[in-house]
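# here's a sequence, model it:
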Amino acid sequence: MRFELFVGLRYLLSRRKGILGSWTTLIAALGLFVGVMTLNVVLAVYTGFEEELRQRILGFHPHLIIVSFTGSVSDTEHLVEKVQRHPEVRAVAPFLLAQAMVTTGHAVTGVLIRGITSASEEVMPLSHFLRAGSVAPLWENPSTDGALPALVVGKGVAEKLRVGVGDTVEVVSPAAQTTAVGFIPRVQAMRVAGVFDSGLGEYDGVLAYTALATAQALFRMEGRVTGLEVRLADVYEAPRVSRELGQDLGFPYRVRNWIDLNRNLFSALTLGKIVYSIVLLLIVLVAAFNIVSTLIMVVMEKRKDLAILMSMGATRASVRRIFVSKGMIIGFVGTLAGSIGGYLACLLIQHYRFIDLPADVYGIDRPVVRIYPEYFVVIAAVALFLCWLATLYPARQAARLSPVEIIRYE
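This is a model prediction of the structure:
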């Protein structure tokens with residue numbers, strides 16, 4: 001063991017330094033423990049929340065959406081063939097999106113009706129999110145057996161209307177039809193074939209799916225669709241593919257990717273993570289600089305010991321290393337304990353449901369934890385660096401002591 005480390009340990013573990021010195025050392029270590037543990041837990045929860053939200057959005061949202069500045073797309077087959085030529089494209093399907101009102105005998109709510117085809121299952125598999133029922137009735141032709149057109153509604157819509165699989169609802173379209181008494185809204189009776197739960201309240205509370213042909217007839221858009229939805233081989237290539245397809249398709253088509261559509265959300269999450277990290281890092285900084293007061297007290301208490309060491313041949317550099325060693329030992333203990341405590345706290349949050357979140361606000365109903373070892377390593381490295389900075393001033397003051405004056409007057 002090096003001489004400086006040995007003396008630093010003796011000063012740290014000495015029982016003669018008094019209760020005040022013991023408490024300042026303990027407070028410095030506890031401050032680091034709390035700061036490092038909190039920072040690790042917050043980053044793990046925030047990262048988990050961001051990744052879970054991204055996965056849910058990607059699972060329930062196409063990677064690309066192609067729309068037209070004219071408001072609708074009529075040459076659907078030609079456009080689909082053109083998009084499918086791109087090597088990154090895995091699936092393409094037309095869709096129709098329009099606002100409507102769904103009513104029962106005792107409730108009414110506004111919804112977004114999304115008309116889809118069986119090809120949409122390859123782009124965004126709605127069947128993976130079903131809580132009840134089936135999507136198969138969507139692809140059946142109701143005119144052949146006289147059945148009502150099928151409708152798959154979100155969990156939130158079903159709760160508002162108090163309906164389940166097999167119930168009948170009426171969909172009121174704003175596309176008016178001319179009658180002898182003037183213009184009246186189009187009304188279509190539909191049967192609830194399924195209820196889906198995406199885990200995202202903003203989708204579950206407003207979306208309802210039906211067959212594309214049914215939606216075209218309801219909204220008087222025969223032969224036209226709102227646009228195309230596209231699934232890619234690599235979701236993170238969406239910005240590049242959207243630019244290439246936009247150049248290839250030209251006016252009047254516009255290609256939007258999932259990153260652009262959710263840019264504000266992910267920017268807010270990233271900004272929140274940075275702000276929380278800075279605030280908690282300041283807590284670690286304050287805890288690290290508690291080491292300054294601890295070491296200064298030791299310097300004042302050990303003036304005679306230091307003078308004797310220096311008179312026996314200890315260099316000023318050795319004296320500096322004694323106090324740097326002591327401060328780093330405190331920092332290492334606090335940082336190690338904080339890292340272990342943070343890891344254990346993350347495991348507890350991950351396996352036990354301590355907190356319930358409102359799903360309609362946050363999109364998920366419980367905290368999600370993502371533990372990345374590199375985050376723990378970076379936080380520990382930053383904490384130890386701050387501890388090292390905190391030791392420099394007391395170590396410098398100790399090295400500047402004059403052993404001749406101390407021995408002469410004390």
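# so which bits of stretch 248-263 are buried?
Across stretch 248-263, burial judged by 16 or more other CB atoms under 10 Å covers 249, 253, 255-258, 262. The way it works is simple: take the backbone N, C-alpha and C, and place the C-beta from them, glycine included.
# tell me which of those is nearest to His63?
Distance to His63 across the buried residues of stretch 248-263 (CB to CB) is lowest for Trp258, with 5.5 Å.
# all strands for the stretch 201-350 of the chain, in order.
Secondary structure of the stretch 201-350 of the chain (DSSP state E, counting those that start in this stretch): strands at 207-211, 227-232, 253-257.
# starting from the first one, tell me which strands it pairs with and how they run.
Paired with strand 207-211 in the same sheet, following DSSP bridges, are strand 108-116 (parallel), strand 150-154 (antiparallel).
# and the longest one with strand 227-232, angle?
Pointing back at strand 108-116 there. 60 degrees (axes from the mean of the first three to the mean of the last three CA atoms, to 10 degrees).
# immediately after the lengthiest helix in the chain, which helix or strand?
Counting residues, the longest helix in the chain under DSSP state H turns out to be helix 18-59. Downstream of helix 18-59, the first helix or strand assigned by DSSP states H and E is strand 64-68.
# sheet-wise, list the partners of that following strand with their directions.
Paired strands of strand 64-68, with direction, are strand 227-232 (antiparallel), strand 253-257 (antiparallel) (DSSP bridges).
# could you give the average pLDDT over the longest one?
Think strand 227-232. The average pLDDT within strand 227-232 is 91.
# and the angle for it with helix 18-59?
Using the same axes, to 10 degrees: strand 227-232 against helix 18-59 is 120 degrees.
# remind me what the longest helix of the chain packs against, helices and strands.
With contacts taken as 3 or more CB pairs under 8 Å, 6 or more residues apart in numbering; DSSP states H and E, helix 18-59 sits against helix 263-301, helix 316-351, helix 373-399.
# run the angle between it and helix 263-301 for me.
For helix 18-59 against helix 263-301, the angle by the same axes, to 10 degrees is 170 degrees.
# could you figure out how far helix 18-59 is turned away from helix 373-399?
Using the same axes, to 10 degrees: helix 18-59 against helix 373-399 is 150 degrees.
# so how far is helix 18-59 off the chain centroid?
17 Å (CA atoms, centre = their mean, to the nearest Å).
# and Arg370, how far from Trp258?
Taking CB to CB, to the nearest Å as the measure, Arg370 falls 20 Å from Trp258.
# if anything else comes up later, I'll come back, but that's it for now.
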